[in-house]
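*Asks:* can't give you the sequence, but here's the structure:
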């Protein structure tokens, strides 16, 4: 039975950031992730926004970690190689009444030490955002965008290269505290760990309940999004947010550019009973489009190419207003259990700051000694389509697979697909390819390239076609054969 100093349950952005922070020290660390890849749940299904800290009450953990995370994200991007763009955002008011709310947000941001906030009138906004009409707006220059899955993958893959164990498709099914260690039963065997970090997001109560009686509830809140084709990326230059609604603890339907060049419309906010209910609905798609068109009248319906949803982990019910602060704490009843509860937005922004806090908490249990061989590898490489003609030619001369285009929409080559499948974590699903090199994320949404990626997985990696999954252990693409092979 393998023994660890620290076991992290959950391979989302929080769990992966903690794993990376701990990989700097002489520790045996394991991450249990029930999905087929990291960022397989809420961490990939959000707006990818770097928040500034203007929306959370002063003194709250949400405000603290958001502002701290915002300040260190650029240096992390420089080290790990994930992309980041400081495009800023406008919170727009349609009338004088809403303009009063902008003054409140500005004051809150000032109290939270958010720099550069300015109120601008509609004509000033029009200069930078000609397609947006508003009475006035709050300009937030320290807001930016990242790719949430690229961000998580950067943490996780670098942690693996520094000897953290990531166990994919490994679900924790039972926990016991025995004297000075935890006995961790999974679907793939049993493990022991001195400390246990519960970073399971929507499932934090389920994990906590294996060890003690939880003193909290989780209220899943679904947010649906629409994705626009890249051809419409010039509709906006910055993020465009409405004045936040007063209920549900959300920011309302906003319009957000992405790192990849698409624009997102959303999210909605709907409390649901099942944390796995990630469906998208026709009625909500229509609502999202209509609300977005009020902000951006030039928005054409034909621009929409896809829809997806993510689930927020809320600790407050709709009847309570939907807002609750994070709970990041050692259990009072189970020594060595560290719970991260209710980590919703701005959790993506706060992840690196939260990881540092968890590391400080762990240092109270274990003496942390720095590694002398800690290494950093940048996750992002220049894509084939971004290279010069000479760079492309040189690569093709060395390996002809660089000359075979697999994904026509995103111009992704066979060599890039192979690189994506040869990742340190060992994730090998269609989604693993998509999130590492963007094959399948273009206008046809994999209609052309999926068959070619499957061929590569089957031939290059000897993966049985019946075992190829879309994104999770239960998402088989094929089952059995429709006809027998015919021998020549």
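*Replies:* On my side now, so go ahead. Given the structure is predicted, the values throughout are model-derived calculations rather than measurements.

*Asks:* what comes up buried for stretch 26-45?
*Replies:* For stretch 26-45, a neighbour-count test (16 or more other C-beta atoms under 10 Å) marks 27-45 as buried. Where C-beta positions appear, they are placed from N, C-alpha and C, glycine not excepted.

*Asks:* Tell me where the stretch 151-300 of the chain has helices.
*Replies:* Here the stretch 151-300 of the chain has its helices, by DSSP state H, counting those that start in this stretch, at 204-209, 282-295.

*Asks:* Take the buried residues of stretch 26-45 and keep only those in strands.
*Replies:* 29, 30, 31, 32 (DSSP state E).

*Asks:* Among these, which one lies nearest to residue 412?
*Replies:* Nearest to residue 412 among those, counting by C-beta to C-beta, is residue 31 at 28.2 Å.

*Asks:* for that closest one, what are its contacts?
*Replies:* Counting by C-beta atoms under 8 Å, 6 or more residues apart in numbering, residue 31 touches 7-11, 15-16, 19, 156, 159, 164-167.

*Asks:* Which residue ranges make up the domains of this protein?
*Replies:* Following automatic domain parsing, the chain resolves into domains at 1-83+145-216+319-380, 84-144+218-318, 386-467.

*Asks:* okay, how far is it across the longest one, tip to tip?
*Replies:* I take that to be domain 1-83+145-216+319-380. Start and end residues of domain 1-83+145-216+319-380 are separated by 36 Å (C-alpha to C-alpha, to the nearest Å).

*Asks:* tell me the mean pLDDT over that domain?
*Replies:* Mean per-residue pLDDT for domain 1-83+145-216+319-380: 97.

*Asks:* For residue 312, which three-state class applies?
*Replies:* On the three-state scheme (DSSP: H, G, I helix; E, B strand; the rest coil), residue 312 is labelled strand.

*Asks:* Run a quick neighbour tally on it.
*Replies:* By other C-beta atoms under 10 Å, the residues close to residue 312 number 29.

*Asks:* got the contact list for it?
*Replies:* Contacts of residue 312 by C-beta under 8 Å, 6+ apart are 42, 220, 221, 222, 223, 250, 269, 344, 345.

*Asks:* and which of those is nearest residue 314?
*Replies:* Once C-beta to C-beta is applied, the member of these that ends up nearest residue 314 is residue 221, at 5.1 Å.

*Asks:* what's the farthest-apart pair in the ones in strands among the buried residues of stretch 26-45?
*Replies:* 29 and 32 (11.1 Å).

*Asks:* Can you list the neighbours in contact with stretch 171-180?
*Replies:* Contacts to stretch 171-180, defined as C-beta under 8 Å, 6+ apart, come from residues 9, 32, 34, 182-187, 194, 196, 207, 210-211, 334-337.

*Asks:* Among the residues you listed, name the buried ones.
*Replies:* In those, burial by neighbour count holds for 9, 32, 34, 182, 184, 186, 194, 196, 207, 210-211, 334, 336-337, counting by 16+ other C-beta under 10 Å.

*Asks:* quick one, strands of the stretch 151-300 of the chain?
*Replies:* Under the criterion DSSP state E, counting those that start in this stretch, the stretch 151-300 of the chain contains strands at 165-167, 172-178, 181-186, 189-198, 219-228, 239-242, 254-257, 263-266, 270-271.

*Asks:* Let me have those in a markdown table, adding distance to residue 280 as columns.
*Replies:* Output for the strands of the stretch 151-300 of the chain, formatted as a markdown table (distance: least, C-beta to C-beta, whole Å):
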| stretch | distance to residue 280 |
| --- | --- |
| strand 165-167 | 29 |
| strand 172-178 | 29 |
| strand 181-186 | 31 |
| strand 189-198 | 29 |
| strand 219-228 | 5 |
| strand 239-242 | 21 |
| strand 254-257 | 17 |
| strand 263-266 | 10 |
| strand 270-271 | 11 |
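
*Asks:* can you pull the contacts of the closest residue to residue 479 other than its chain neighbours?
*Replies:* Closest residue to residue 479 apart from its sequence neighbours, by C-beta to C-beta, 6 or more residues apart in numbering: residue 466 at 6.6 Å. By C-beta under 8 Å, 6+ apart, the residues touching residue 466 are 476, 478, 479, 480.

*Asks:* go on, residue 285?
*Replies:* Contacts for residue 285 (C-beta under 8 Å, 6+ apart) come out as 224, 226, 304, 307.

*Asks:* rerun that using 10 Å as the cut-off
*Replies:* Residues near residue 285 by C-beta atoms under 10 Å, 6 or more residues apart in numbering: 224, 225, 226, 265, 266, 268, 304, 307.

*Asks:* Pull the most distant pair out of those.
*Replies:* Farthest apart among the contacts of residue 285 by C-beta to C-beta are 268 and 304. That separation is 14.6 Å.

*Asks:* These two: which has the busier surroundings?
*Replies:* Just comparing residue 268 and residue 304: by other C-beta under 10 Å the higher neighbour count belongs to residue 268, 22 against 19.
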